[in-house]
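Trainee: Quick check, what structure comes out for this input:
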Amino acid sequence: AGELSVAEAVAGEVGLAIHAARLLDEDERRLGLQSALLKAAQVVTSDLRFESVLRRLVDEVATLFGADAADCWIFQPGRDVLRCRAVYGLPEEDELGRRIRPAGTFAAAIESGRPVLKRDFAHTEDPPPSKNFAAFEEVMVAPITWLGEVRGVLGVCSLEAGRFDSSELEVLDAFARFASLASHNAESFEERERQAQIQQGFYRIAEVLGSPLSLAETLDALAEAAAEALGGDAGVVLEPDGDGLRLAGAYMLPEGLADRLSKGLPATATPFLAAAEEERIVSSTGLADDDRFDEATRALLAEHGYAALLSAPVQRGVRDSAAVVVLFRAERAFSDDDLALARHVSRAARGALERSQLFEAERRARGLSERLATVGARLVMNLDPARVLEEVVHEAAALVEADAAVLRVLEGDELVVRAATGSSAGPLVGARGG
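Mentor: Numbering: from 1, shown residues only. Sure thing, here's the model as predicted:
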């Protein structure tokens, strides 16, 4: 009996120890969860850059669940395509920026509005998962919602079966709510930032294009003003050249791309020329799949790291229509404010070009007056008729920037060449006739 009592006492102690251990584990788990949620809250409130917040959230959620991978997908405008915005444990070069239509587990979470746990994922997912997801045994996905609207999904993945528990779905859902809050905060911040950028853009356009400049300087300034106002990475002005377009002005453009554009692009390679003639804006949120640009042009821009663009028409006269093009290194969705700002650039460019033409005309007139005064002074001092004729023909060619010039004198009934300048004009001296 004594041994039995001892055994019962030992068993009771063991039971109490096990219960205490379970309570301790549960307390530790709750503390870990509270700590993770606190970190997530700090992430959301301390950083207003959307991409940065999402990257930190997927890192936190992967650590909390001991997941082998985590990912966050956000709906593109139009809400029919999801785009990967952050990953953990997956090849960024394959996944970041990838677009998919909701299907399988993603679609189930979006349609139900609730988190979903998918076991035996690699074999039961329909349609079958992509190569980077084909090895995962379990996947949990929670919808990212804001005011009842699903804006994306947050997921965690495990290579081992049994790692996730259905009781953890609520935890993942809490992280998804943080992601939705981050999205809302970032959108609000970006909208305020965008409005400030637009205001600064108007000031910058007025500042850069408000002063009288030469035509070449004005075209470079136009490229600069457009790029800075729209937050682009580079700007170019393309003008008609025969049946194509060639570079007329540039800002922050790589040398290799500038050299290539200086040689010209066929008119059919881009929609710029036709759009400029019709005074239309051209926007491309993703050049890689934009078939309005031929394959060679898309490859050229991609080679130099550009993924999106926005173009505005530039009227250079009654007939000539150029285009100012802002280039972006990342794909970008353009807002109504962007388009309005592009139209403002177009209007400001017209005024700037008119001022530059007046500036050029005034400069040429001043230069002509000064040159004529100089020539007149030299001719007065020279009494040799032949020398006078040589001076006149040489200065005439220089004044109009001609390659050659001849001076004919009426002698009797014939015109006789008495002076000539230019590489091939010398033998003409003495020639008679028209």
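Trainee: What separation do you get for residue 77 and residue 226?
Mentor: Using C-beta to C-beta, to the nearest Å, residue 77 is found at 23 Å from residue 226. Where C-beta positions appear, they are placed from N, C-alpha and C, glycine not excepted.
Trainee: Give me the helix or strand of the protein that scores worst on average pLDDT.
Mentor: helix 2-46 (a mean of 52; mean pLDDT, DSSP states H and E).
Trainee: partners of the helix or strand where residue 150 lies in the sheet?
Mentor: Following DSSP states H and E, one finds residue 150 within strand 149-158. Strand 149-158 has the following strand partners under DSSP bridges: strand 69-75 (antiparallel), strand 138-146 (antiparallel).
Trainee: Following the chain onward from the shortest one, which element is next?
Mentor: Remark: after strand 69-75, the chain's next helix or strand is strand 82-88, criterion DSSP H and E.
Trainee: Centre of the chain to the very next helix or strand once past that following strand, how far?
Mentor: Following strand 82-88 in sequence order, the next helix or strand is helix 92-95 (DSSP H and E). Put simply, helix 92-95 sits 19 Å off its chain's centre (C-alpha atoms, centre = their mean, to the nearest Å).
Trainee: List the buried residues for helix 92-95?
Mentor: Neighbour-count burial for helix 92-95 flags residue 95 (criterion: 16 or more other C-beta atoms under 10 Å).
Trainee: ok, now stretch 230-250?
Mentor: For stretch 230-250, by 16+ other C-beta under 10 Å, it's 230-240, 244-245, 247-250.
Trainee: do the same with stretch 173-189
Mentor: Buried-residue list, stretch 173-189, by 16+ other C-beta under 10 Å: 173-183, 185-186.
Trainee: Residue 61 and residue 164 touch, don't they?
Mentor: No: taking contacts as C-beta atoms under 8 Å, residue 61 lies outside contact range of residue 164: 11.8 Å.
Trainee: Overlap in contacts, the two.
Mentor: residue 156 (C-beta atoms under 8 Å, 6 or more residues apart in numbering).
Trainee: Just give me the neighbour total for the residue nearest to residue 321 when sequence neighbours are not counted.
Mentor: In space, and not counting its chain neighbours, residue 321 is closest to residue 276: 3.9 Å by C-beta to C-beta, 6 or more residues apart in numbering. Neighbour count of residue 276, defined by other C-beta atoms under 10 Å: 26.
Trainee: do the same with residue 79
Mentor: Neighbours around residue 79, by other C-beta under 10 Å: 13.
Trainee: from now on call the first residue 12
Mentor: Yes, from this point I'll number from 12; that puts the last item at residue 90.
Trainee: Which pLDDT value does the model give it?
Mentor: The score at residue 90 is 79. That number is its pLDDT.
Trainee: hey, what's the closest residue to residue 249 other than its chain neighbours bridged with?
Mentor: Using C-beta to C-beta, 6+ apart and skipping the chain neighbours, the partner closest in space to residue 249 is residue 256 (4.1 Å). On the basis of DSSP bridges, residue 256 is bridged to residue 251, residue 276.
Trainee: Surely residue 256 and residue 248 touch.
Mentor: No: Residue 256 is beyond contact range of residue 248, at 9.8 Å (criterion: C-beta under 8 Å).
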